[in-house]
Structure formats: C-alpha cells, structure tokens
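*Asks:* following is a predicted model, sequence given first.
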Amino acid sequence: MGDGAKLSVGFLGLGIMGEAMARNLLKSGLFASVTVWNRTLSKCQALVGEGAKSAETPAAVVGSCDVTFAMLADPDAALAAVFGDNGVLAGITPGKGYVDMSTVDEATSTRIGEAVTAKGGKFVEGPVSGSKKPAIDGQLIIMGAGDKELYDLVQPAFDVMGKKSFYLGSTGAAARMKLVVNMVMGAMMGAFCEGMALADKAGLEQSALLEILGLGAMANPMFALKGPAIMARNYPPAFPLKHQQKDLRLALALGDSLGQPLPVAAAANEVYKAARGAGKGDEDFAAVYEATVNKK
Ligand SMILES: NC(=O)C1=CN([C@@H]2O[C@H](COP(=O)(O)OP(=O)(O)OC[C@H]3O[C@@H](n4cnc5c(N)ncnc54)[C@H](OP(=O)(O)O)[C@@H]3O)[C@@H](O)[C@H]2O)C=CC1
Ligand SMILES: O=CC(=O)O
C-alpha cells in the first residue's frame, strides 16, 4: 500500500450517501478497482453495472482491497459491519486501511479504531457534512481524524468525494466535530420550522418569511432549500429524519459527558423524537415541521 501503484478500494454501505460516494470513486478512474458491499446485497447491482466489483461480506471486501471506506447508518450499523460474522475485522491484515465515514459517537469510533489497529491495520474516521446532492456532486466537507499516514494516503479519495477535508487530530476529534455541526443544524431546522408554523398561524405568507430571511443575516442554503419542501409538506429523503435525531441524541450524550448544558438542542431533540414517533423517520429531516405544526 502507498508504493505509487493504484490503490484498490472498497466501500461498505450503499445508502443515500454511500452509493453516490462510491460512484464518485468509481468514476474518478483513480483506483485499481472499487469493490462494494451492502447489507441488502441487491443494492450493489447498479454500481456493478457501472464497473464496480461486489463482495458478499465486509470481510471479503476488506480482504481484497488496500483501503475500505464505510458509510453506515449509525453506531449499531458501524459496529455490526466491523465486529459481526465475516465483518471488517476478519479481513484486516497488517497495513490495510479502514476509513469509517458514518456519523457515530467517539466511543464507537474509538472501539473500531482500536480493533483495527490491534490487527495491524490503520484507521481513520471521516464523517461528512453535506447531503445527498453534495454527495452526488463530490462536494462534501470531510472531517478526518486518526492515523495521519492513512489520512494522507486517502486524500485523493477525499478530494473525489468532497470539496474540502480537515485533519482534526486523533480518533474521536472528527466524530465530536461532526456531532457539534449536526447539533447546530438540527436546532436551526427546529427553529426554522417553528417560525414557518407561527407565520402561517399569524396569517402571514410563508413564502414572504422565506424571502425576508433570505435577504438578511440569517440567509442560508438550508432554509432556501428546505423552505419550499415545508410549504409543500412533501419531504423526499435527502437526510433522513431518523439520522438527524440520532445525531442530536449523540450530541446531547457528548454534552452530558462534559457537563455542557445544551437546553436548545435538548428541546429540538424532543421535536425530532415526536416526528420519529409519528412515523416520519424515513422522510427528510425537514419533516420535523409536521411535529411542530399545531393541527388544531
Ligand atoms: N443523508 C445525508 O444527508 C447525510 C448522512 N450522513 C450520515 O451518513 C450515514 C449514512 O447516511 P445515509 O446514506 O443517509 O443513510 P441510509 O439510511 O440511506 O443508508 C444507511 C446504510 O446503512 C446500512 N445499514 C443500516 N443498518 C445496518 C446494519 N445493522 N448492518 C449493516 N449495514 C446497515 C444500510 O443498509 P441497507 O441498505 O441494507 O438498509 C445502508 O447501506 C449516517 O451515519 C448519516 O448520519 C452524513 C451526512 C449527510
Ligand atoms: O449529516 C447531515 C448533513 O447534511 O451534513
């Protein structure tokens, strides 16, 4: 690995994000091969049709690749892929790299990193900011931490998947940073939805609110993008609500562990929990509006 020859890379998890990210690795032509795996194996077919290889287990992917990337739902999924039967660990041999780009907590990432390095492998965590479209466009923001040699080795892959990557230090730093970023995002979306609901109740046009917000210091791409979805009350998933609630839950746990009060995020989390409870978990996180709006 790292002797100038093209790397063979693997990718575990072909959900909304992973499929787009793996496709960009494939399309780049920078790698000797791209081998994919997904728990629901049928989801590998599209990429195989475009030139990827597929394998039946994470161990088989890792065994046949220099570096394997993962983009999995949550801590349970990330741990299952590594420690489960025929998981990542079964394929790790000295020198192999594992880059987990899922949004998880520090404890999960540390556990995975320690297990990989105990077998002589190298580990980087690389959670991302940016949603379905930035993933498709290769415009993610990548937060990296862990083994610096592996981070440098996979920089070309990060450049294909993202517009900027940051090396933040030892394992855990990127996991923490990503949770802080998504805590802010979840609370912002919660406040925005309350504003949209109040505007409507107060006899104001939501489109006018959107335009006024968009012209001032609070202008941001998220309000501009999600505002029309909220007005149409139609939420095709780009960032599933269940993942935003998971991120708030993990950020609040981080706050608890550090004695940092997070009352705004805690309140926002309750609204996402209500939306999940109402069956909105697989819709876009803008569907938190449905738990905000007072239907009376
Ligand atoms: N969507 C977004 O905008 C963004 C998402 N993220 C983060 O990226 C990660 C992936 O998100 P996204 O692609 O949207 O999620 P999806 O829900 O679309 O995909 C989740 C993936 O995880 C797999 N998975 C779930 N549970 C398990 C398990 N127990 N064992 C093995 N595999 C499992 C799924 O497999 P299967 O197909 O079999 O269900 C699927 O491949 C999450 O951590 C999310 O928080 C980060 C930035 C943006
Ligand atoms: O984690 C979600 C995102 O949009 O970033």
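*Replies:* Cool, got the structure. Ligands and ions are numbered 1, 2, ... in the order given.
*Asks:* and the residue in the chain that ligand 1 sits nearest to, how far from ligand 2?
*Replies:* Residue of the chain nearest ligand 1, by CB to the nearest ligand atom: residue 15 (1.9 Å). Placement of C-beta: from N, CA and C, glycine included. Relative to ligand 2, residue 15 is positioned 12 Å away (CB to the nearest ligand atom, to the nearest Å).
*Asks:* likewise residue 11?
*Replies:* From residue 11 to ligand 2 the distance is 18 Å (CB to the nearest ligand atom).
*Asks:* so what's that residue closest to, chain neighbours aside?
*Replies:* Spatial nearest neighbour of residue 11, chain neighbours left out: residue 22 (3.9 Å); criterion: CB to CB, 6 or more residues apart in numbering.
*Asks:* other residues contacting the helix or strand where that neighbour lies?
*Replies:* Applying DSSP states H and E as the criterion places residue 22 in helix 16-28. Here helix 16-28 makes contact (CB atoms under 8 Å, 6 or more residues apart in numbering) with 9, 11-12, 14, 31, 34, 36, 38, 43, 46-47, 50-52, 69-72, 101, 128, 132, 135-136, 138, 140, 156-157, 160-161, 237-240.
*Asks:* in strands only, show me the residues you listed.
*Replies:* Counting by DSSP state E, the contacts of helix 16-28 place 9, 11, 12, 34, 36, 69, 70, 128, 140 in strands.
*Asks:* check contacts around the closest residue to residue 141 other than its chain neighbours.
*Replies:* Take residue 141 and drop its neighbours on the chain: the residue closest to it by CB to CB, 6+ apart is residue 129, 4.3 Å away. The contact partners of residue 129, by CB under 8 Å, 6+ apart, come to 140, 141, 143, 178, 181, 182.
*Asks:* neighbours of the residue nearest to residue 11, just the number please.
*Replies:* By other CB atoms under 10 Å, 30 other residues sit near residue 22.
*Asks:* just the one 3 residues further on next, same as before
*Replies:* Other residues near residue 25 come to 23 when the count uses other CB under 10 Å.
*Asks:* what's the neighbour count on the closest residue to it other than its chain neighbours?
*Replies:* Closest residue to residue 25 apart from its sequence neighbours, by CB to CB, 6+ apart: residue 34 at 5.2 Å. Taking other CB under 10 Å as the criterion, the count of residues near residue 34 is 25.
*Asks:* repeat for the one 3 residues further on
*Replies:* The number of residues packed around residue 37, counting by other CB under 10 Å, is 29.
*Asks:* who in this protein is up against ligand 1?
*Replies:* 13-18, 38-40, 43, 71-74, 76-77, 80-81, 102-103, 128, 131-132, 238-240, 243 (CB under 6 Å from any ligand atom).
*Asks:* which among those residues count as buried?
*Replies:* Burial by neighbour count, judged by 16 or more other CB atoms under 10 Å, picks out 13-18, 38-39, 43, 71-74, 77, 80-81, 102-103, 128, 131-132, 238-240, 243 from those.
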